[in-house]
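Visitor: whatever this is, show me its structure:
(one chain, ligands or ions: 1)
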Amino acid sequence: MAVLPIIIAPDPRLKTKSSPIETIDDSVKKLATDMLETMYFERGIGLAAVQVGVLKRLLVADVSWREEEGPGEQHILINPEIIENAPEETVYKEGCLSFPDQFAEVTRPASVRVRYTNLNGEQKEESFTGLLGTCIQHEIDHINGIVFVDHISLAKRDMIIRKLQKQKKQGMFDHVHGPNCNHDHHHHGHDHVHDENCDHDHRL
Ligand code: ZN
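Guide: Numbers count the residues shown, from 1 in each chain. Alright, predicted model coming up:
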């Protein structure tokens, strides 16, 4: 198990479409495990492989984990594809581990039906709704080279990208945290672990 460094926007890889996974071998299983560990470590609720620099169609999500109780219901989706969108929409204030401290309201279908392959190589179909539905759509966007700020106004998007560009230039994200760091990992200030009842942000 390993905590992997996360790519921070702007980065051309975040705009790149990931390739399908042909064979589910040990390297895919290890990547999924490392991604879950990275996601918990960074206090996110979802992560796409591209965010750790692997351009493969793989995502992980767990919207029910809690600091005190550990992992909740883990979802690992290989080659996921949205096959149906609900007509109802939902608005959610989204964040992203690749966009530290940036949040914006995004409108998406309230639920989606997704076809994917699981780690055992089985084809599955599942509907995702609520926070998990939003999270899964956000991560599927990632593997298609789309980020949450692509859903907001150009002006707001530019503002966020410029801010991150400046922080990157100042070296704010140069240090990659690992389990052996002896300082504060939670530089994004998220001591609170979110749940479905929070009325504020989540990082996906
Ligand atoms: Zn994200």
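Visitor: hmm, which helix or strand of this structure has the shakiest average pLDDT?
Guide: Of all helical and strand segments in the chain, the minimum by mean pLDDT, DSSP states H and E falls on strand 202-203, at a mean of 72.
Visitor: what's Ile76 in contact with, if anything?
Guide: 32, 36, 58-60, 118-119 (CB atoms under 8 Å, 6 or more residues apart in numbering). Every C-beta, even on glycine, is put in place using the N, C-alpha and C of the backbone.
Visitor: check which helix or strand it maps to.
Guide: The secondary structure element spanning Ile76 is strand 75-85 (assigned by DSSP states H and E).
Visitor: next one: Asp174
Guide: With DSSP H and E as the criterion, the answer for Asp174 is that it lies in no helix or strand.
Visitor: again with Ile8
Guide: Ile8 belongs to no helix or strand, assigned by DSSP H and E.
Visitor: which of the contacts of Ile76 fall within strands?
Guide: 58-60 (DSSP state E).
Visitor: and which of these is nearest Ala9?
Guide: Using CB to CB, Leu59 comes nearest to Ala9 of the ones in strands among the contacts of Ile76, at 17.3 Å.
Visitor: just the buried ones from the contacts of Ile76, in ChimeraX syntax?
Guide: For the buried members of the contacts of Ile76, the matching ChimeraX selection, counting by 16 or more other CB atoms under 10 Å, is:
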select :32,36,58,59,60
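Visitor: from the contacts of Ile76, which single one is nearest Glu105?
Guide: The shortest approach to Glu105 among these belongs to Leu59, at 22.0 Å (CB to CB).
Visitor: which residues touch that closest one?
Guide: Shown in contact with Leu59 (CB under 8 Å, 6+ apart): 46-49, 75-77, 80, 136, 139-140, 142-143.
Visitor: which of these are buried?
Guide: Buried by 16+ other CB under 10 Å: 46-49, 75-77, 80, 136, 139-140, 142-143, out of the contacts of Leu59.
Visitor: contacts only, for Ile83.
Guide: Per CB under 8 Å, 6+ apart, neighbours of Ile83: 113-115, 125.
Visitor: as CSV, the residues you listed with neighbour count and distance to Glu42 would be great.
Guide: As requested, these are exported to CSV (neighbours: other CB atoms under 10 Å; distance: CB to CB, whole Å):
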residue, neighbour count, distance to Glu42
Arg113, 17, 29
Val114, 20, 24
Arg115, 15, 28
Glu125, 11, 30
